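Visitor: Sequence first, then the predicted structure:
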Amino acid sequence: MTVFIIRRLMQAALVVLIMSFLVFSGVFLVGDPTEILVADDADQAERAAVIESLGLDKPFHIQYLRFLTKAAEGDLGESFVFNEPALQLILDRLPATMELAIAALLISIVFGIPLGVIAGLKPDAVYSKFIMTGSILGFSLPTFWVGIMLILLFSVQLGWLPSTGRGDEIHYVFGFPTSLLTLDGWSHVLLPAVNLALFKLSAVTRLARAGTREVVHQDYVKFARAKGLTDQRVIFVHVLKNILIPVVTVLGLEFGGLVAFSVVTETIFAWPGIGKLLIDSIGLLDRPVIVAYLMIIVLLFVFLNLMVDICYSLLDPRVRLQDIKA
Amino acid sequence: MTAIQEETVVEDTAADRKNAAVQTPFRRILSDFMDSPVAVLGAFGVIVVIFIAVFGPWLAPTDPYDLSSVSFMDNLLAPGETMANGTVAWLGTDGAGRDLLSAMIYGLRISLGVGVGSGIIALIIGCTLGMIAAYFGGRTDMVIMRIVDMQLSFPAILVALILLAVVKGGPNEPGYFAVLKIIAALVVVQWAYYARTIRGSALVERRKEYVEAANCLALSNGRVVFRHLLPNCIAPIIVVGTMQTAHAISLEATLSFLGLGLPQTEPSLGKLISNGFDYVMSGKYWITVFPGLALLFMIVSINLVGDRLRDVLNPRLQK
């Protein structure tokens, strides 16, 4: 197990390094930020001073090396626009995004797994077909359009729920700001979270259904039934435990997907998270913030992949054995 | 795969014995497909969408790009109101006074074109690389699949966002350049799915006797890959292809909505919805609702077909 984790950690570090190079060289090519930063009536000397202060006059590899050494110290540069450390900007907005993603994840698990198991146990029943057709709809609905429709229905027509922001009542739990402690906070998070969850909800439902369909034909399920166990025990212990392997993998990976997709949801609902920051920064060519966002996301993904691998090997001993041999 | 392979063998022997009535694979797949009414509905939807896309300019009541016929006086008309030139705007007009129905028909063409176009390019690139990986194995395989794995560990939207952010052009960029850019981004996002799929089935197929036989005949690598291996790996590619096309259309709409996709001069359905978002708060629902419904209709139809194809073409689910 230790060998397995150490090897995975080394792989993860390599991926982060490669991605840092790709991201930096990619963003390096983005248009010239001085056009935005320097006032139109600035003379050549002022322009040169700004370029030098930002280190933009150095060749590519010097800039990249400087970026790496600073990144190792936790300094991802200073935003051109906000004049604040880019990392700080991201970290300030990260809790809002996490809150949204976790709320969406909860919605997809709480509704998705039961729906999938129900549809998988009786694949030919009318309600199962209904669930599956519904899941295709959930897959097909473009997130941004559903978001607009939710606003149109619940905010504009019915006036039940607010359409922007995360509310004013923000409390701190262990130093993390959250708005989930008040009813007002929940009313703000509900629409964006449902919007964000819809796609994952369908994915979880389909996965749970596919897993159930395969598992119910396995010998151990037949054996459990032959032993005279109740349906409940067979489903909750024997079936559920075995369909959890793919579901855990996908959920782990999909959590990253939720964070990435929150770019869309946050833009629609004006949610003050990192996704909206990214879109704004792309518009303003705020290079350090774009790089910082991408690096944080890459780290998050690598971390999630690692966690998924570890959980996977805990849930399914066969995976661990293979890896130790290899 | 095995079942389809067997089917083909059965069919060949049946062709020798001329009178034996054995279903061809195509017939079997078609009749299996028809068993699901929902899938038939989906297939009908796809045909309608293609028809509208192909014959759009003849179907649309007005030409939304013809600036002489678009009058700003007509802007934001509700559905069913009459425009200044006497045509009835059945679905209303947008903020610039264009007939929404016509704009949608033209938008659908662009959305479908970008989706299918990028899908085909990605399919060719992905299949070629996946085939190369499976056929040559070893280091080639490792390098290609590492890239695939790395890319697939990031969500498609993120990859597309990064790419489009990197090559973000100025406001004076020509329209066709923006179209090429988004197609390129969609290709980059999609190719890995094709590569992984075809490598998976090619690895299974290349161990079979017919490949060995072809190799023994000293046929060239290219001939073995394209004439022998590829036709037997086609089924999963069809399924991935339909699903990916729907996904690409949706992704393009999302990117256009975020302002990173197609420009105002080439308004896809996503761009139309994005324009309508400005009027949502004032209750002018039609500019977002109708293009969204068209987009939804198109994506759902394709997904219904793809979903059924997956079941029909999957030998593991066959009785």
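Guide: Alright, I've got the coordinates.
Visitor: What does the pLDDT read for A:Val156?
Guide: On the pLDDT scale, A:Val156 is placed at 75.
Visitor: Might one say that it is in contact with B:Val280?
Guide: Yes: using CB atoms under 8 Å, A:Val156 is in contact with B:Val280, at 6.5 Å. For the C-beta atoms, the positions are set from N, CA and C on the backbone; glycine is no exception.
Visitor: which of the two has more neighbours?
Guide: Per other CB atoms under 10 Å in any protein chain shown, whichever of A:Val156 and B:Val280 has more neighbours is B:Val280, with 21 against 16.
Visitor: can you tell me which residues contact that one?
Guide: A:148, A:151-152, A:156, B:288 (CB atoms under 8 Å, 6 or more residues apart in numbering or on different chains).
Visitor: Could you find the lowest-pLDDT member of those?
Guide: A:Val156 (75).
Visitor: Helices along chain A, start to end?
Guide: Along chain A, the stretches classed as helices by DSSP state H are A:2-28, A:34-37, A:44-54, A:60-72, A:86-121, A:126-140, A:143-150, A:183-215, A:219-226, A:231-233, A:240-269, A:274-284, A:287-315, A:317-325.
Visitor: And the pLDDT for residue 81?
Guide: Assuming you mean chain A. 76.
Visitor: my bad, chain B
Guide: 67.
Visitor: returning to that earlier point: output the contacts of B:Val280 in a markdown table, with distance to A:Asn305 appended to each entry.
Guide: Below are the contacts of B:Val280 laid out as a markdown table (distance: CB to CB, whole Å):
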| residue | distance to A:Asn305 |
| --- | --- |
| A:Ile148 | 33 |
| A:Ile151 | 34 |
| A:Leu152 | 38 |
| A:Val156 | 40 |
| B:Thr288 | 37 |
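Visitor: Next, count neighbours for B:Val159.
Guide: So B:Val159, with other CB under 10 Å, has 19 neighbours.
Visitor: Relative to B:Leu186, how far out is it?
Guide: 10 Å (CB to CB, to the nearest Å).
Visitor: Would you reformat the helices of chain A as TSV and include distance to chain B and mean neighbour count?
Guide: As requested, those are exported to TSV (distance: least, CB to the nearest CB, whole Å; neighbours: other CB atoms under 10 Å in any protein chain shown):
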stretch	distance to chain B	mean neighbour count
helix A:2-28	4	14
helix A:34-37	10	14
helix A:44-54	19	13
helix A:60-72	15	13
helix A:86-121	12	20
helix A:126-140	4	17
helix A:143-150	4	24
helix A:183-215	9	22
helix A:219-226	17	13
helix A:231-233	24	10
helix A:240-269	4	22
helix A:274-284	4	22
helix A:287-315	6	20
helix A:317-325	15	12
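Visitor: among those, where is the model least confident on average?
Guide: helix A:317-325 (a mean of 54).
Visitor: Low-confidence regions, the stretch 51-200 of chain B specifically.
Guide: Applying pLDDT under 70 to the stretch 51-200 of chain B flags residues B:66-90, B:95-97, B:166-175.
Visitor: What segments of it are strands?
Guide: B:81-82, B:88-89 (DSSP state E, counting those that start in this stretch).
Visitor: Tell me which residues touch B:Ile110, please.
Guide: Here B:Ile110 is in contact with B:262, B:266-269 (CB under 8 Å, 6+ apart).
Visitor: Now for those: which two are most distant?
Guide: Farthest-apart pair in the contacts of B:Ile110 is B:Glu266 and B:Leu269; separation 11.5 Å (CB to CB).
Visitor: quick one, which of the two is more surrounded?
Guide: The neighbour comparison of B:Glu266 against B:Leu269 (other CB under 10 Å) goes to B:Leu269, with 33 against 20.
Visitor: Looking at per-residue confidence, what score does the more buried one get?
Guide: So, for B:Leu269, pLDDT stands at 84.
Visitor: That one reaches B:Leu112, doesn't it?
Guide: No: using CB under 8 Å, B:Leu269 is not in contact with B:Leu112, being 9.3 Å away.
Visitor: any shared contact partners between those two?
Guide: Shared contacts of B:Leu269 and B:Leu112, counting by CB under 8 Å, 6+ apart, come down to B:Met298.
Visitor: So which residue is dead centre in the chain?
Guide: No chain in the question, so chain A it is. For chain A, A:Val259 is the residue whose C-alpha lies nearest the centre (CA atoms, centre = their mean; 2.3 Å).
Visitor: that's the other chain; I wanted chain B
Guide: Closest-to-mean residue, chain B, CA atoms, centre = their mean: B:Thr245 / 1.7 Å.
Visitor: What residues does residue 258 make contact with?
Guide: Unless you meant another one, I'm taking chain A. A:101, A:104-105, A:196, A:200.
Visitor: sorry, should have said chain B
Guide: A:144, A:263-264, A:267, A:279, B:161.
Visitor: Closest one of these to B:Val40?
Guide: A:Phe144 (29.9 Å).
Visitor: thought the closest one was touching B:Leu255?
Guide: No: A:Phe144 lies out of contact with B:Leu255 (CB under 8 Å); the separation is 9.8 Å.
Visitor: overlap in contacts of those two?
Guide: In contact with both A:Phe144 and B:Leu255: B:Gly270, using CB under 8 Å, 6+ apart.
Visitor: which secondary structure element contains the residue nearest to the centre of chain B?
Guide: For B:Thr245, the enclosing helix or strand under DSSP states H and E is helix B:234-257.
Visitor: List the buried residues for that helix?
Guide: B:235-237, B:239-257 (16 or more other CB atoms under 10 Å in any protein chain shown).
Visitor: Check these one by one and keep those near chain A.
Guide: B:246, B:250, B:253-254, B:257 (CB under 8 Å from any CB of the partner chain).
Visitor: Export these as JSON lines, with columns for pLDDT and distance to A:Ala208.
Guide: JSON lines is the format used below for these (pLDDT from 0 to 100; distance: CB to CB, whole Å):
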{"residue": "B:Ala246", "pLDDT": "89", "distance to A:Ala208": "22"}
{"residue": "B:Ser250", "pLDDT": "89", "distance to A:Ala208": "23"}
{"residue": "B:Ala253", "pLDDT": "88", "distance to A:Ala208": "28"}
{"residue": "B:Thr254", "pLDDT": "88", "distance to A:Ala208": "26"}
{"residue": "B:Phe257", "pLDDT": "85", "distance to A:Ala208": "30"}
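Visitor: which among these gets closest to A:Phe111?
Guide: Distances from A:Phe111 to these, taken by CB to CB, are shortest for B:Ser250, at 21.8 Å.
Visitor: quick one: that closest one and A:Phe144 touch, right?
Guide: No: using CB under 8 Å, B:Ser250 makes no contact with A:Phe144, being 9.4 Å away.
Visitor: on that earlier part again, and the residue nearest to the centre of chain A, how far from A:Ile102?
Guide: 10 Å.
Visitor: One more: A:Met132?
Guide: A:Met132 sits 27 Å away from A:Ile102, taking CB to CB as the criterion.
Visitor: swap in A:Leu278?
Guide: 19 Å.
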